[in-house]
Each structure stands twice: as structure tokens, then as C-alpha cells.
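*Asks:* Here is the input, now give the coordinates:
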Amino acid sequence: MILIIGTVLRCFIPIDIPHFTRAIQFEGWLAELDTSLRTPVIQDRITPLSIIFGVWLLGTLIALVTTICSYATHMRKLRSFLPTDDPDLLNIVEGIADKLHVPMPTVCLIMPGKSPSISGLFHPILLIPIDIYEEKDLRYIFYHELMHWKERDIWIKLLISLLCCVFWWNPCSYLLKLDLSETLEMRCDQSVSRLLTDDEKHEYVDVLKKTFNSLPTKEKGSRFRIFSFGISEFAAGPEEHTAYKRADLVLNTPYQQKYNRIIPVVTLIITIAVFIFSYSFIIQPHYDAPEDEIVTNGMAEEVSSDNAYLVENSDGTYTLYIDNTPSVCIDANYAEMMKQDGFKVIN
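*Replies:* Residues are numbered from 1 along each chain as shown. Sure thing, here's the model as predicted:
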């Protein structure tokens, strides 16, 4: 997720850092491609590049509208559920919420055949199917769902959905979204397991198995979810083997708190370093100046950084000196290209 955010920032925030950013010029097909993309094809004004940008922008807007409408529908469905007033159930929830230092959630009972889930960006809303769990099972359900809220998994799903709107044209973004639920479930299981004893871990796995077996067959293969960015389920694995993977994680993987703190920090540092390094170069097509662009004494001369340099004028233009002789006045844009090619500026 950090890598995707960095990629978005890098795409939309181009920065040319003096004495750090270098231009890397390519000849051949890249220069030809750049020229073809910037050559007007419609009414001598609209270029292929502007058409591509328009298609991307239209697709992004459609994806955003769809996501917003889905979220609105999801919230309307949530408001249709009535909160429970069962004092025993609410006492269990309150105790778990206090232990995890999260707000007391709103608990709603739903029909069987659905997975327990939590929703709500600013206030947790728990959905619990009726007639499936014993009272001792509910403790583990509440631990799991409130841990999702504590670790801001719903915000992560929402953020990934918004990023997928930007990268709607990239198939990898959809693969990321499909794997996100399983990844968050694994992380949540690990976070809960460190609060449990060995016996409680086995009971937790039994509840997971009971939840998975309670889902209709078609749900086991397709995953029940109202909308992926707004809800976290107790049994969100797309296939049966996911349940075994999660059980193995809870029972056999020790929680290594030291590494769990270090690895995210190291990952963040590496990502930031790569992000900064990406600003050290700019890839652009090679540009050959026309022969009549630099003229001295009525004829074109070969100019290089070995025999020429620039002197900045008071009006923002530059004078090109060849062999210590003023030759021609050039504008700032062309001077910038020459500086990137190694020409020195002498005051």
C-alpha cells in the first residue's frame, strides 16, 4: 500500500531538483513514440496523448462514482438493521472493547448464512448472525472483529479501493484488491492470537471452523461481503485452504513482537529512499537541435560542453559563448536542456 501511494505521488508530483535531477535521453523508438503522441491528429489540436489522458480521467471518474454509490448503498443497508438490547451479549462486547481500547460498538443481529462482520469508519458496527454461536464463542468473534477496527483495516480497504479507481486500467490493482481481505484476516488472526493462551487458540480455531461451515456452499467459494472496502468478515477466505492456513497461523506461528515492529519501519525507510532516488533522473527522448537554431557568423557550428558555455542575461535569456566568443542569444528553455547535457553556466 505504501508503494502504491508513493507511485501515485511520483506520477502526479514531478519535481526537478537542481544539482540532483539528471536528464537521461533516449534515441530511436522512444523519441519516435514521444513525437507521435504529441503530434495533433484531430483538428490540428488534439493529440493522442490528450486522448489517452481523457480516457484515463473518464475511467477514474466512473470508478469513483461507482465506489461512492456502493458506499452509500452499504450505509443504507447498515441503517436497516436494528441494534440488539441483549444485556449478556452487550456485556461481553463492552469487556472486549475496553480491553482493546476501542469504542463500544453497535451490535446488530442478522440472519444465519452470513459471516460475522464489522463496519463503520468512525464508529464500529458489528453484525452477528443468530443461532450459530454459543456464548463462549462470541468472545472470540468480538476479539477478531474489534481488532479489525483497532488496526484500521476498514480504512485500508477504503484507501485501496480509491487507489484502484486511479489505476482502474491496471489488472494488478484488482489482484491486490482480491488478496487484500485474506492478508488483513491473517494479520488480524495473528494480532488476536497473541492475546490468547494455547487452549484459547484452539477454541478460536474451532469458532473459525464453525463460521466457515455455517456459510452456504456458494458463499465459501465467493466470499460474502457487502462491499470490500466497508466491511471485514471473520471468515473471508475465498477457498477452503485459506481456513487451514489461518488455523496454522494461529496455532503454530509465535508472535514475534520485536520483528513486527522493526519490519514495517525498515520497509518504510526503503520505500522512502527509493521514492527520493526516483527524482534523481528524468527519462526523455533525445532532442537534436535544428542546424539553424544555433548560428554564428551566418553558418552552423558544432557546439559541445568542451568548447562552449552559457552566460545568463539580466532578462532571463542566455548568451552562448563558443571558444570564449559570444555567439547567439537563446531562451531559458533551450538553455535548461543544454545545462542538463553538461553545459556550464558562468556568471
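*Asks:* what are the ranges of the strands in this structure?
*Replies:* For the chain, strands defined by DSSP state E occupy the ranges 22-26, 106-110, 117-119, 125-129, 231-233, 281-285, 295-296, 299-300, 308-312, 318-322, 325-330.
*Asks:* Report how many residues lie close to the nearest residue to Leu176 once chain neighbours are set aside.
*Replies:* Once flanking residues are discounted, Leu176 sits nearest to Ile160: 6.7 Å by C-beta to C-beta, 6 or more residues apart in numbering. Backbone N, C-alpha and C define where each C-beta goes, glycine included. As a burial measure, Ile160 scores 19 neighbours (other C-beta atoms under 10 Å).
*Asks:* Point out where this protein drops to low pLDDT.
*Replies:* 217-233, 235-241, 254-260, 287-302 (pLDDT under 70).
*Asks:* how about the helices in it?
*Replies:* In the chain, the helices defined using DSSP state H lie at 2-12, 29-38, 48-79, 87-100, 135-150, 153-166, 171-193, 198-214, 217-222, 240-252, 257-277, 332-340.
*Asks:* any idea which of those is most buried?
*Replies:* Stretch with highest mean neighbour count among the helices of the chain: helix 135-150 (a mean of 21; mean count of other C-beta atoms under 10 Å).
*Asks:* Run the angle between that one and helix 198-214 for me.
*Replies:* Going by axes from the mean of the first three to the mean of the last three C-alpha atoms, to 10 degrees, helix 135-150 is angled at 90 degrees with respect to helix 198-214.
*Asks:* Throw the helices of the chain into a markdown table and include distance to Thr21, thanks.
*Replies:* Putting the helices of the chain into a markdown table (distance: least, C-beta to C-beta, whole Å) gives the following:
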| stretch | distance to Thr21 |
| --- | --- |
| helix 2-12 | 13 |
| helix 29-38 | 18 |
| helix 48-79 | 22 |
| helix 87-100 | 47 |
| helix 135-150 | 42 |
| helix 153-166 | 25 |
| helix 171-193 | 28 |
| helix 198-214 | 52 |
| helix 217-222 | 48 |
| helix 240-252 | 45 |
| helix 257-277 | 11 |
| helix 332-340 | 8 |
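*Asks:* Which one of those lies nearest to His19?
*Replies:* helix 332-340 (10.4 Å; C-beta to C-beta).
*Asks:* Show me what that closest one is packed against.
*Replies:* If you count contacts as 3 or more C-beta pairs under 8 Å, 6 or more residues apart in numbering; DSSP states H and E, helix 332-340 packs onto strand 22-26, strand 308-312, strand 318-322.
*Asks:* Save the ones you listed as a markdown table, and put in distance to Ile118 and mean neighbour count too.
*Replies:* Listed next are those as a markdown table, based on distance: least, C-beta to C-beta, whole Å; neighbours: other C-beta atoms under 10 Å:
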| stretch | distance to Ile118 | mean neighbour count |
| --- | --- | --- |
| strand 22-26 | 49 | 13 |
| strand 308-312 | 62 | 18 |
| strand 318-322 | 63 | 18 |
